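> Generate coordinates for the sequence data below:
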Amino acid sequence: MPNSRYEKNMGTIGADGQERLSRSCAAVIGCGGLGGWIIELLARAGIGKLIVADGDIFSESNLNRQILCTENNIGKNKSEEAVLRIAAINSDVKVKSVPLFLNEDNAYEILAGCDIAFDALDNIQSRIVLCKAARALSIPVVHGAIAGWFGQMSMIMPEGKLLYDIWENQKSGKGMETELGNPPFAPSIIASLQVSEGIKYLTGKSTDFSCDILLYVDMFENRLDKIKLK
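Residues are numbered from 1 along each chain as shown. Below you'll find the predicted structure:
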């Protein structure tokens, strides 16, 4: 590997932060719109190991926004295609593909040994399963969601319960994306915020999203609002 690979990271996270990142393991649950961008950014940043989980296959409707989806891999498993992409970006990153949907039977096994988990899911039930397993394993979850011009991001620490409790009280399994759709620019913006927050945590940088704060993003009005959950 050329010594210059991470030189542009140094001013932001420093040599110590880069070393910590290279020793870190992150699980990305969902390899679609958000997940594809999260995987791309973490691999380029120099994460040590990635566990990528998704039981879905690419379809033509994914081409508008999912960076891992191409015209040549329609019908192929998303997590297995993620492995190929990671190898092309950064061959030093160790990868484990889990071509399965997260559920109560496999969540603990998927997350075992991880330092952090990224929520790139598209339904509330799976998010509850993820947060329950992560809490039991003392792993923070970086939540992200998109719908139309809007998105949100939050760091859910193991001791944090408010967002988890809100989800448990919701009736619908899907969010507003069923009505508003998912445009191509939304996943890259929210995924970037998720990765930024995750890298801050893994490299020991300060963050205020560990206190039940939700970042709400309005891409139409170009507004970002921090919402204190109560």
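> Buried ones in stretch 50-60, by neighbour count?
Under the neighbour-count criterion of 16 or more other Cβ atoms under 10 Å, stretch 50-60 has Leu50, Ile51, Val52, Ala53, Asp54, Gly55, Asp56, Ile57, Phe58 buried. The way it works is simple: take the backbone N, C-alpha and C, and place the C-beta from them, glycine included.
> how far does it stretch from start to finish?
End-to-end distance of stretch 50-60: 26 Å, with Cα to Cα, to the nearest Å as the criterion.
> Give me the contact list for it.
Outside stretch 50-60, the residues that touch it by Cβ atoms under 8 Å, 6 or more residues apart in numbering are 25-32, 35, 39, 42-43, 66, 68-69, 73-79, 81-83, 86, 93-102, 110-111, 114.
> Show me which helix or strand of this protein is least confident by mean pLDDT.
Least confident helix or strand of the chain, by mean pLDDT, DSSP states H and E, is helix 177-180 with a mean of 72.
> moving C-terminal of that helix, what's the next helix or strand?
Per DSSP states H and E, the first helix or strand lying C-terminal to helix 177-180 is helix 185-202.
> That next one: what's the following helix or strand?
Moving toward the C-terminus from helix 185-202, the next helix or strand (DSSP H and E) is strand 213-218.
> Take the buried residues of stretch 50-60 and keep only those in strands.
For the buried residues of stretch 50-60, membership in strands holds for Leu50, Ile51, Val52, Ala53, with DSSP state E as the criterion.
> Give me the distance between the last one and Ile29.
Read that as Ala53. 5 Å (Cβ to Cβ, to the nearest Å).
> Run through the residues that contact the residue nearest in space to the middle of the chain.
Nearest to the mean C-alpha position of the chain, counting by Cα atoms, centre = their mean, stands Phe118 at 3.4 Å. Phe118 is in contact with 26-29, 34-35, 38, 141-142, 144, 194-195, 198, counting by Cβ under 8 Å, 6+ apart.
> For it, which three-state class applies?
strand (DSSP: H, G, I helix; E, B strand; the rest coil).
> Narrow the contacts of stretch 50-60 to those in strands?
Judged by DSSP E, strands contain the following of the contacts of stretch 50-60: Cys25, Ala26, Ala27, Val28, Ile29, Lys94, Val95, Lys96, Ser97, Val98.
> circling back: please identify every residue contacting each of Ala53 and Ile29.
Residues touching both Ala53 and Ile29 (Cβ under 8 Å, 6+ apart) are Leu102, Ile110.
> distance of Phe101 from Asp119?
The gap separating Phe101 from Asp119 is 14 Å, by Cβ to Cβ.
> Counting neighbours, go ahead and name the busier of these two.
Using other Cβ atoms under 10 Å as the criterion, Phe101 and Asp119 rank with Asp119 on top: 27 against 16.
> so the more buried one makes contact with Ile128?
No - with contact defined as Cβ atoms under 8 Å, Asp119 and Ile128 do not form a contacting pair (10.6 Å).
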